[in-house]
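> quick one: sequence plus predicted model below, questions after.
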Amino acid sequence: MTLARLILLALGALATSTTRAADALVFDGIDAQGARVLMRVEVGAEPERIGAGIEGRRPRLRPGDGAIAYHSIATDFEPARLMLVGDMRRGALPREISLDRWVQEREVAWSPDGRRIAFHSQHHEAAGDIFVAEVGAGGLLGVINLTAPSGGHMMIEPDVTPDWSPNGQQIVLTSYRGGGAALWIFDADGRHPRQLTQGGGFGDYFPAWSPDGQLVAFQRNAPTRNRIGLVAAGGGEPMFLDLPGNAYQPAFSPDGQRLAVAITFPDGERDLAIITLDGQVLHRINHPGDDQNPQWVTPAAAQNCLRDRACLRLNGDGQRPPMPALSGRGR
């Protein structure tokens, strides 16, 4: 099926849908104290901090249970590290799950079954590779280097920004192995790499797979503008969206009919926005500061959290919110 046909089908489904549960996103943004923290927003409401203020970037919800993986903010003294925080209703605190805490590790992506993560690490080389590992109670298990250099040759550019296919069998990422920053697809065990987009005087980053596995959205960095592109997962020419400013870090909605993106609007503010697959801005989420790295809260995560946001925040005084009352008919 052609790229244009896939997009038309998504737009048709969006036009005929009549009901939808409240949309919610997690992201990283700037709080009132000027710190970059993990945040949550229900579309149409005010963004709020997750917890009492967890400093970090690129929060990613584990499918089904509301636990959040993210990476810490690098400083002059410490590299970015992989972190995990569980259900804060039960007093969970962030814990480190890094493979190698002495090098940069970032950009976590969960497998669809919630058992494994893909992430960028400089564990084997300075440029960095994409690793895959199972998340256990004591740390990472069964670690493999998905993009290890072949023939013992070290890469001079990194492999970055992974995302899993909906069936968990493949991973799309940015690699320079073809001569420029282009999208590549690997089997989840590292075999059968194939190039999805072509490198050139630009770079393709932050790929996001559609829920049906048919499309990949991505960010193209060019000398004059950063744009959001869509390409068929099987290959072909990409299509680019005409948005009101530089755009970044797309994420598909759970129904596959919309994208959440970050846009630098003409007023100079970088806000999150909900857009259609042909580039129409449906909602702008106004929030002071530089908002980045959106991810949707899926219905499964919302249901497991009992109330949509209960396990994704603490009250403003740092206390756990009250548990919701349960009806006599059970949970």
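Looks like it came in fine.
> next, count neighbours for residue 122.
19 (other Cβ atoms under 10 Å). Bear in mind the C-beta positions are built from the backbone N, C-alpha and C, glycine included.
> for residue 102, see how far away it is.
9 Å (Cβ to Cβ, to the nearest Å).
> quick one: low-confidence ranges for this structure?
1-2, 4-22, 87-92, 150-156, 300-331 (pLDDT under 70).
> 50 - rerun?
18-19, 306-310, 313-331 (pLDDT under 50).
> follow-up on the earlier one: residues that sit against both of residue 122 and residue 102, list them.
Common contact partners of residue 122 and residue 102 (Cβ atoms under 8 Å, 6 or more residues apart in numbering): residue 79.
> can you pull out the strands in the stretch 1-150 of the chain?
24-30, 36-42, 48-49, 57-61, 68-71, 82-85, 95-96, 105-110, 116-121, 129-136, 139-145 (DSSP state E, counting those that start in this stretch).
> just the CA atoms of the second one, as CSV, please.
Translated: strand 36-42. C-alpha atoms of strand 36-42 as CSV (Å, rounded to 0.1, in the frame of the first residue of the first chain):
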residue,chain,number,x,y,z
ARG,A,36,14.0,20.4,33.3
VAL,A,37,11.7,17.8,34.8
LEU,A,38,9.3,15.0,33.8
MET,A,39,5.8,16.3,33.2
ARG,A,40,2.4,15.2,32.3
VAL,A,41,-0.5,16.9,30.6
GLU,A,42,-4.1,16.0,29.8
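> angle of it against strand 57-61?
Here strand 36-42 runs at an angle of 40 degrees relative to strand 57-61 (axes from the mean of the first three to the mean of the last three Cα atoms, to 10 degrees).
> list phi and psi for residue 195.
phi -80, psi 130 (degrees, to the nearest 10).
> mind listing what it touches?
Residue 195 neighbours (Cβ under 8 Å, 6+ apart): 178, 182, 183, 184.
> mind redoing it with 6 Å?
178, 182, 184 (Cβ atoms under 6 Å, 6 or more residues apart in numbering).
> any chance of JSON lines for the strands of the stretch 1-150 of the chain, columns distance to residue 234?
Formatted as JSON lines, those follow (distance: least, Cβ to Cβ, whole Å):
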{"stretch": "strand 24-30", "distance to residue 234": "29"}
{"stretch": "strand 36-42", "distance to residue 234": "34"}
{"stretch": "strand 48-49", "distance to residue 234": "40"}
{"stretch": "strand 57-61", "distance to residue 234": "26"}
{"stretch": "strand 68-71", "distance to residue 234": "29"}
{"stretch": "strand 82-85", "distance to residue 234": "32"}
{"stretch": "strand 95-96", "distance to residue 234": "38"}
{"stretch": "strand 105-110", "distance to residue 234": "21"}
{"stretch": "strand 116-121", "distance to residue 234": "21"}
{"stretch": "strand 129-136", "distance to residue 234": "21"}
{"stretch": "strand 139-145", "distance to residue 234": "25"}
